[in-house]
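**Student:** Prediction below, plus the sequence it came from.
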Amino acid sequence: MNINLGEEISRRRREQKLTQEDLAELSDLSVNFISRLERTKDQNISIQKLDSIARALNTSTPDIINNAYSAKNIKPENHVNNTPIFIQKVTNELRKLPDDQAERVCKSLIVLLKEMN
């Protein structure tokens with residue numbers, strides 16, 4: 001089942017009273033790219049571009065993705081035990097690393113999370 005990130009981005013942009021031009025400028029992306037993303041089902045977007053858009057909209061990439069799923073009243077296909085998709089993505093990336101690297105990354109994340117509290 002597909003989601004449309006463009007719909008969620010458009011909704012948030014309009015909510016903040018931004019034009020496509022404003023969002024393009026704030027995210028350092030082209031107006032054509034923003035327009036295509038919002039008006040088509042073409043979801044060919046890199047995580048870096050989605051991050052730029054999320055920052056420009058004063059939100060996070062996981063929040064945009066999760067709200068796009070919620071708007072469609074669906075759960076991600078690989079959504080397990082109500083674990084948010086971004087946690088699953090981090091876990092999947094950790095599994096690709098050798099054990100010693102994954103352990104170092106996890107320890108660093110734990111330190112960072114503790115500092116945030």
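**Tutor:** Arrived safely, thanks for sending.
**Student:** Distance from the chain centre to the lowest-mean-pLDDT helix or strand in the chain, please.
**Tutor:** Ranked by mean pLDDT, DSSP states H and E, the weakest helix or strand in the chain is helix 85-96, scoring a mean of 76. Distance of helix 85-96 from its chain centroid, counting by CA atoms, centre = their mean, to the nearest Å, is 14 Å.
**Student:** now swap in stretch 3-17 and tell me
**Tutor:** With CA atoms, centre = their mean as the basis, stretch 3-17 stands 13 Å off its chain's centre.
**Student:** same question, stretch 86-105
**Tutor:** Taking CA atoms, centre = their mean, the mean C-alpha location of stretch 86-105 is offset from the chain mean by 18 Å.
**Student:** Please identify which helix or strand holds the residue lying farthest from the centre of the chain.
**Tutor:** Distance from the C-alpha centroid of the chain, by CA atoms, centre = their mean, peaks at Asp100 (27.9 Å). Element membership for Asp100 (DSSP states H and E) is helix 99-116.
**Student:** Local confidence estimate at the residue nearest the centre of the chain?
**Tutor:** The residue lying closest to the centre of the chain (CA atoms, centre = their mean) is Thr61, at 2.6 Å. Looking at Thr61, its pLDDT reads 88.
**Student:** ok, now which ones touch it?
**Tutor:** Applying CB atoms under 8 Å, 6 or more residues apart in numbering, one finds that Thr61 lies in contact with 47, 50-51, 54, 86. All C-beta spots, glycine's among them, are computed from the backbone N, C-alpha and C.
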